[in-house]
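Engineer: whatever this is, show me its structure:
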Amino acid sequence: MKFKPVEVGVFTGLFFAVLHAIWSLAVFTGVAEGFLNFVLGLHFLTNPYVVEPFSLGNALTLIIFVFVVWFVLGYVATLAWNRMQKRT
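Structural biologist: This is a model prediction of the structure:
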């Protein structure tokens, strides 16, 4: 089965961008550090990180950067997948 690279790229880019938008919202609302402490505690770890104060510029940069990176990864992975499908 062949997939369309742009569609897969947009899907993966949006998926991970939305996850990072949720993280930015957690930082904005002040629940991020508590969430980190909880998740790391489940893994028997202590939190060595400090969540910085919210910055709209940083949040937008993070979301855009993550979208671009995952778009490219999804696009390239789809090209590779489609190429492998031709050989079988």
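Engineer: which helix or which strand is home to the residue nearest the centre of the chain?
Structural biologist: For the chain, residue 16 is the residue whose C-alpha lies nearest the centre (C-alpha atoms, centre = their mean; 3.1 Å). In this assignment (DSSP states H and E), residue 16 forms part of helix 5-29.
Engineer: how about residue 34?
Structural biologist: Applying DSSP H and E as the criterion places residue 34 in helix 32-42.
Engineer: ok, now residue 62?
Structural biologist: Here residue 62 is assigned to helix 56-87, by DSSP H and E.
Engineer: which of the residues in that helix are buried?
Structural biologist: 59, 62-63, 66-67, 70-71, 74-75, 78 (16 or more other C-beta atoms under 10 Å). C-beta here means a position set from N, CA and C on the backbone, and glycine is covered the same way.
Engineer: now the residues you listed as TSV including pLDDT?
Structural biologist: Shown next, in TSV, are these (pLDDT from 0 to 100):
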residue	pLDDT
59	98
62	98
63	98
66	98
67	98
70	98
71	98
74	98
75	98
78	97
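Engineer: by how many degrees do the helix holding residue 16 and helix 32-42 diverge?
Structural biologist: 110 degrees (axes from the mean of the first three to the mean of the last three C-alpha atoms, to 10 degrees).
Engineer: buried residues in helix 5-29?
Structural biologist: Applying 16+ other C-beta under 10 Å to helix 5-29 flags 5, 8-14, 16-17, 20-21, 23-24, 26-27 as buried.
Engineer: distance from it to the middle of the chain?
Structural biologist: Relative to the centre of its chain, helix 5-29 is centred 5 Å away, using C-alpha atoms, centre = their mean, to the nearest Å.
Engineer: wait, residue 33 sits on residue 48?
Structural biologist: No - in this structure residue 33 lies outside contact range of residue 48 using C-beta atoms under 8 Å: 11.9 Å.
Engineer: if you count what's nearby, which of these two comes out ahead?
Structural biologist: Between residue 33 and residue 48, counting by other C-beta atoms under 10 Å, residue 33 is the more crowded of the two (15 against 7).
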